[in-house]
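# Return a 3D structure for these sequence lines:
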Amino acid sequence: MRLKILRAKLHQATVTHAALNYHGSLTIDPELMAAVGLHPYEAVTVGNAATGLRGETYVIPGVPGQGQIELNGAMARLGTVGDRLIIMAFADLEPQELPGFKPRVVILDQHNRILEVIDSPPIERAWVDQTPLVDSLGLPSH
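Residues are numbered from 1 along each chain as shown. Modelled structure (predicted):
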């Protein structure tokens with residue numbers, strides 16, 4: 001059974017532009033993408049900290065060093081310029097891949113500059129060994 005685990009997170013990214021008539025996606029400064037290991041066209045979940053709205057889209061790189069966080073196409077309905085977003089990418093891992101795994105998390109300021117790189121603690125083997133696996137119905141998995 002594979003588990004969906006947080007892999008990368010840009011926390012408190014500020015929307016710099018919203019383009020409803022663009023063909024879709026989320027434009028991110030490639031320097032910010034690199035900071036958390038996001039890849040072009042990778043799927044991300046986006047949460048708006050002000051409204052609680054969430055959506056899923058894919059990432060495209062913008063102009064390096066510009067701090068771009070642009071909501072494009074239907075994603076432009078998720079927020080407006082100045083809103084703070086949480087941008088997350090996930091990995092599907094087998095339980096044996098969990099020990100030692102840790103997400104890459106970056107906190108941004110209101111101008112999308114890196115304030116802090118979080119050194120998340122890795123998942124410990126003891127946690128994996130002690131946690132029962134369950135199926136989609138919540139029943140023990142064998």
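
# Start and end of stretch 61-74, how far apart?
In terms of C-alpha to C-alpha, to the nearest Å, the two terminal residues of stretch 61-74 are separated by 18 Å.

# what does it rub up against?
13-33, 40, 46, 55, 57, 78-79, 85, 87, 111-113 (C-beta atoms under 8 Å, 6 or more residues apart in numbering). Where you see a C-beta, it was placed from the backbone N, CA and C, and this is true even at glycine.

# So among those residues, which ones count as buried?
13-16, 18, 22, 25-33, 46, 55, 57, 78-79, 85, 87, 112 (16 or more other C-beta atoms under 10 Å).

# circling back to that earlier point, which ones among the contacts of stretch 61-74 map onto strands?
13-14, 17-19, 25-28, 46, 55, 57, 85, 87 (DSSP state E).

# will you turn those residues into a markdown table that also has distance to Glu97?
A markdown table is the format used below for those (distance: C-beta to C-beta, whole Å):
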| residue | distance to Glu97 |
| --- | --- |
| Ala13 | 28 |
| Thr14 | 33 |
| His17 | 37 |
| Ala18 | 37 |
| Ala19 | 38 |
| Ser25 | 29 |
| Leu26 | 27 |
| Thr27 | 31 |
| Ile28 | 26 |
| Val46 | 25 |
| Gly55 | 28 |
| Thr57 | 26 |
| Leu85 | 28 |
| Ile87 | 23 |
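
# What is the lowest-pLDDT residue among these?
Minimum pLDDT for the ones in strands among the contacts of stretch 61-74 is recorded at Ser25 (92).

# Any idea which helix or strand in this protein has the lowest mean pLDDT?
Here the helix or strand of the chain ranked lowest by mean pLDDT, DSSP states H and E is helix 125-130, holding a mean of 68.
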